[in-house]
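Q: Mind folding the following:
(2 chains)
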Number of protein chains: 2
Amino acid sequence: MGRQADAPTRRAALGFGVGMAGLAAAPAVAEAAAGPRRADVIVVGAGFAGLTAARELRAAGHSVAVLEADDRVGGRTKPGQIAGEVVDLGGQWVGPTQTRLLALAKAMGVAVYPQYATGKNLIDIAGHRAAYQGEIPALEPSAMAEFAQVVGKIEALSAAAPMPDPWTAPGAEALDAQTIESWLLANAETPAVRSAIRLIVRAVLSSEASQVSMLAFAAYASAAGSFSELIATRGGAQDAVFEGGVWQLAAKMAADLGPAVTLGAPAVSIAQDDAGVTVSTPKGDWRGRYVVVTAPPPLASRIAYAPALPAMRDGLTQRMPLGCVIKVHIAYARPFWREQGLTGLVLSDRTEFGPWFDHSPQDGSHGALVGFYDGGPAQAWADRSPDERKTQTLADIARYFGEAAQSPTGYLEEVWTRAPLHRGGYVCVPGPGVLTAFGPALRAPVGRIHWAGTETAEAWVGYIDGAIRSGERAAAEVGALL
Amino acid sequence: MGRQADAPTRRAALGFGVGMAGLAAAPAVAEAAAGPRRADVIVVGAGFAGLTAARELRAAGHSVAVLEADDRVGGRTKPGQIAGEVVDLGGQWVGPTQTRLLALAKAMGVAVYPQYATGKNLIDIAGHRAAYQGEIPALEPSAMAEFAQVVGKIEALSAAAPMPDPWTAPGAEALDAQTIESWLLANAETPAVRSAIRLIVRAVLSSEASQVSMLAFAAYASAAGSFSELIATRGGAQDAVFEGGVWQLAAKMAADLGPAVTLGAPAVSIAQDDAGVTVSTPKGDWRGRYVVVTAPPPLASRIAYAPALPAMRDGLTQRMPLGCVIKVHIAYARPFWREQGLTGLVLSDRTEFGPWFDHSPQDGSHGALVGFYDGGPAQAWADRSPDERKTQTLADIARYFGEAAQSPTGYLEEVWTRAPLHRGGYVCVPGPGVLTAFGPALRAPVGRIHWAGTETAEAWVGYIDGAIRSGERAAAEVGALL
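A: Here you go, the predicted structure:
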């Protein structure tokens, strides 16, 4: 918690000049007395989904008001500063088929550059340690054939999971009735293959294979194009990063929207009637013709709805927990692992921390790593002290990069899974039996309420690109009604 | 929703004389201005857990304040009236080992009488229809051996699941990593056996076998003593019912507590500091040394906690959805199924509604049935109209009892899964991977917050008896600190 408490200080030092401080000072008391503020559409949440929906609606000539619970925009993206560099404490990467995010960056004049991938990755799974190049994890040689076979099966399930309604596929119920772990035990014999898939699930879904529906996993891969695209660096979801961080795109969108964005205004209730909808917050009420709710299900479930939500939608919000994740940036005097011919990427089943990646600045002025506690390790470590986590993180890195790893010049973490306004990350992950029973409630409007957020995306669910797509979709839905 | 809207009218007609109306009129505004009201212990929730905790604490000489979100006490019990009889729209039955509930009834002077079980039950599973006596479902003869074997395996898993910490058992992780459905497919070949177990899971957990962890199922049975005790009428969890309904026990406890109970006061926030804890509600603030939160996880998760909850506890509340259930009472001029030699109990995989039971009054003045839409059918039917459900219910009953079933003299339902202050019933059911990762947070106090509610019980989890036990435990925990 100590790490979170100093977030405002870090943010204040960033100096993007987008005037965020001014947004926070909404004239709550005076206007509340004068009745609700008004806009055509009220947007709940100022992450990429909400900011995109608001931009699109405004571009179509409608007035908008964006209400954000947190004291900043960006949702599951967030800026931090370490060793003089602005870094992303949340969402960070972009891949070549994430065309909506790439288009936004281009429109905003923000450059991307390739994730560093020169040299060899390290892998240490089921007692077999190796260095390898490229995207295919080098398991022990005897496990490679089965690994390829299992990946092929996952790709086939992914290809057969029709987005955006994977629950309509033939066989969807049977796939949804089992965990990834059950599927894995039935489809892989080799301990190394099982361990590798479990680690990949952790890294991709920030959840344990034992917790996630196999249908949800297949659908998640389908939404990304394929399983391979999820896990790949070059050409996949970790292909490139943003100069100055991705969060600035949210900040720039918010700056364009200006006073239409109100921070520190969590939606407490949403009441709809024949004429419109009223969203109440501690900073007063807003009245619109429609509302777009972008909060992920476990946060949307805290809003009081009048009339009450359909059972299908309320049931969904009880069954889409956010994954568990702690993100860590570590700075060093230089990227010493590069001198060992390493990319910085390590995939190990012997560490609590991991995977991690090279995130050194382009000018080579210092070295940096970025990595995660995901799923089980995040669950186990979120309630420990920052110092305990730091000790564990550095020991885990040192196991592969040597003792130099124990002497960082900077250390910065974000415990998403202990942030009360976020409740976890990266994405909400349904357990078995949820999508087939409640999936249709993901996107189905409820009267004047339309739903957005990366969980509702039709492509790249769980990613910033999916959040943008969902905002575009919701804006189109509502725009057609205005 | 129309069925729920007239609940106050029904309740007003019950005439238990416990003065509930007076409890609702808390002097909110005046006292809020005078600072928080004070008690040694604040109890959030006036179901059986909260009322029991308050009684125990008061008996030990401590002052209490009970805050209830709803406009009545009783939690997942609720009274209704049909054909001149008071019936339970929620929890209803009691079994011989539910000793805490039986003791409460005795202390309150409320009699119990046996669930009617004279004659034959009907079963219709996998195309085989039969009438049978006793507790063992009469599947097609060729399936009986496997059914006995599967039940034996479940009993063994149940016996090996150590309550109250089933996640500590050897093999707990493997059991928790699979759904009941996955376990069933691996342990039963016969369609009739699979269908019977799925129906039993629905009836017992108001969830689908595809949604529930096998460890959670074993633990649930363990908490009841055995799987057989869960499903049995005579000698099991459906052994007896209460004269005048079980809800009156909650009403009587509340009457004893008098003005210590405040209705219509949902806990919005719980803030603790070195000296005590403040619970804020729309009716003002309460200040105590400790707080006992009895709300089930999906409702407790709506409270804002300061400081924030540990990640383990917040994660748990995202992963314990309430089951889905609609309870229906149907009255007839006479119990005509008895004339056919039937008990009234029907277990069928061809109906949406079911199982149902005879619930005719003891004096035989008319006939009555009580039954459920559970799990999948509750999910599918909760958002349809009351008339559609009634048509389906009566058609399902008529399939087995004949056309006379189509002419009820009364019909009364409670859609728990669409009640915003309850969000479902009977109980919160964890999916795979939840108990082993988050289970320890079920009962672990968080500073001055202690947890109760039937989900936290050490025996009879999910039942009224478990709620009482949890209230006793929480009162003992807090009492030892005062």
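
Q: okay, now A:Ala459: neighbour count?
A: A:Ala459: 19 surrounding residues under other CB atoms under 10 Å in any protein chain shown. Glycine gets a C-beta too; all of them are placed from N, C-alpha and C.

Q: Check which helix or strand the closest residue to it other than its chain neighbours maps to.
A: Using CB to CB, 6 or more residues apart in numbering or on different chains and skipping the chain neighbours, the partner closest in space to A:Ala459 is A:Ala223 (5.4 Å). Counting by DSSP states H and E, the element that carries A:Ala223 is helix A:214-224.

Q: Show me what that helix is packed against.
A: Where contact means 3 or more CB pairs under 8 Å, 6 or more residues apart in numbering or on different chains; DSSP states H and E, helix A:214-224 is packed against helix A:144-160, helix A:172-176, helix A:180-187, helix A:191-205, helix A:227-231, helix A:435-438.

Q: which residues touch A:Arg289?
A: Going by CB atoms under 8 Å, 6 or more residues apart in numbering or on different chains, A:Arg289 touches A:40-41, A:276-277, A:448, A:481-482.

Q: Any of those buried? List them.
A: Buried subset of the contacts of A:Arg289 (neighbour count, 16 or more other CB atoms under 10 Å in any protein chain shown): A:40-41, A:276-277, A:448.

Q: could I get those as JSON lines with pLDDT and distance to chain B?
A: Formatted as JSON lines, the buried ones among the contacts of A:Arg289 follow (pLDDT from 0 to 100; distance: CB to the nearest CB, whole Å):
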{"residue": "A:Asp40", "pLDDT": "98", "distance to chain B": "28"}
{"residue": "A:Val41", "pLDDT": "98", "distance to chain B": "25"}
{"residue": "A:Gly276", "pLDDT": "98", "distance to chain B": "21"}
{"residue": "A:Val277", "pLDDT": "98", "distance to chain B": "17"}
{"residue": "A:Arg448", "pLDDT": "98", "distance to chain B": "17"}
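
Q: Just put those residues in JSON lines and tack on secondary structure and distance to B:Val241.
A: Shown next, in JSON lines, are the buried ones among the contacts of A:Arg289 (DSSP: H, G, I helix; E, B strand; the rest coil; distance: CB to CB, whole Å):
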{"residue": "A:Asp40", "secondary structure": "coil", "distance to B:Val241": "55"}
{"residue": "A:Val41", "secondary structure": "strand", "distance to B:Val241": "52"}
{"residue": "A:Gly276", "secondary structure": "coil", "distance to B:Val241": "48"}
{"residue": "A:Val277", "secondary structure": "strand", "distance to B:Val241": "45"}
{"residue": "A:Arg448", "secondary structure": "coil", "distance to B:Val241": "44"}
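
Q: What distance do you get for the closest residue to A:Gly236 other than its chain neighbours to chain B?
A: Once flanking residues are discounted, A:Gly236 sits nearest to A:Glu229: 4.7 Å by CB to CB, 6+ apart. With the distance defined as CB to the nearest CB, to the nearest Å, A:Glu229 ends up 26 Å from chain B.

Q: Can you name the residues of the stretch 351-482 of chain A that neighbour chain B?
A: The stretch 351-482 of chain A has residues A:376, A:378-379, A:382-383, A:415, A:417-420, A:423-424, A:431-434, A:436-438 near chain B, with proximity defined as CB under 8 Å from any CB of the partner chain.

Q: out of the residues you listed, which are inside helices?
A: Assignment to helices by DSSP state H places the following of those there: A:376, A:378-379, A:436-438.

Q: for these, which one is nearest B:Ala60?
A: Nearest to B:Ala60 among these is A:Gln379, at 36.4 Å by CB to CB.

Q: Look at that closest one and report its pLDDT.
A: Here the pLDDT value assigned to A:Gln379 is 97.

Q: And chain A, what are its domain boundaries?
A: Per automatic domain parsing, the domain ranges recorded for chain A read A:18-73+A:246-321+A:431-479, A:142-229.

Q: Which among the residues of the stretch 351-482 of chain A next to chain B count as buried?
A: Buried among these by 16+ other CB under 10 Å: A:376, A:378-379, A:382-383, A:415, A:417-419, A:423-424, A:431-434, A:436-438.

Q: Low-confidence ranges, chain A, go.
A: Chain A contains residues with pLDDT under 70 at A:1-33.

Q: Of the helices and strands packed on helix A:214-224, which stretch is the most buried?
A: Most buried of those, by mean neighbour count (mean count of other CB atoms under 10 Å in any protein chain shown): helix A:435-438, with a mean of 26.

Q: tell me the contacts of A:Phe357?
A: A:115-116, A:233, A:238, A:343-345, A:369-371.

Q: ok so, going back, in the contacts of A:Arg289, find the pair that's most separated.
A: Largest separation among those by CB to CB: A:Val277 and A:Leu482, giving 12.9 Å.

Q: which residues do those two both contact?
A: Common contact partners of A:Val277 and A:Leu482 (CB under 8 Å, 6+ apart): A:289-290.

Q: quick one: which of the contacts of A:Phe357 is nearest B:Ile330?
A: Using CB to CB, those come closest to B:Ile330 at A:Gln238, 58.9 Å.

Q: my read: that closest one touches A:Gln115, true?
A: Yes. Assessed by CB atoms under 8 Å, A:Gln238 is found in contact with A:Gln115 at 5.4 Å.

Q: Could I get the contacting residues of A:Asn184?
A: You called it Asn, but residue A:184 is Leu. By CB under 8 Å, 6+ apart, the contact list for A:Leu184 reads A:150, A:194, A:197-198, A:209.

Q: near chain B too, which of these?
A: Near chain B, taking CB under 8 Å from any CB as the test, the members of these found are A:Ala209.

Q: which residues sit in contact with A:Gly424?
A: Taking CB under 8 Å, 6+ apart, we find A:Gly424 in contact with A:206, A:298, A:321-325, A:416-417, B:315, B:318.
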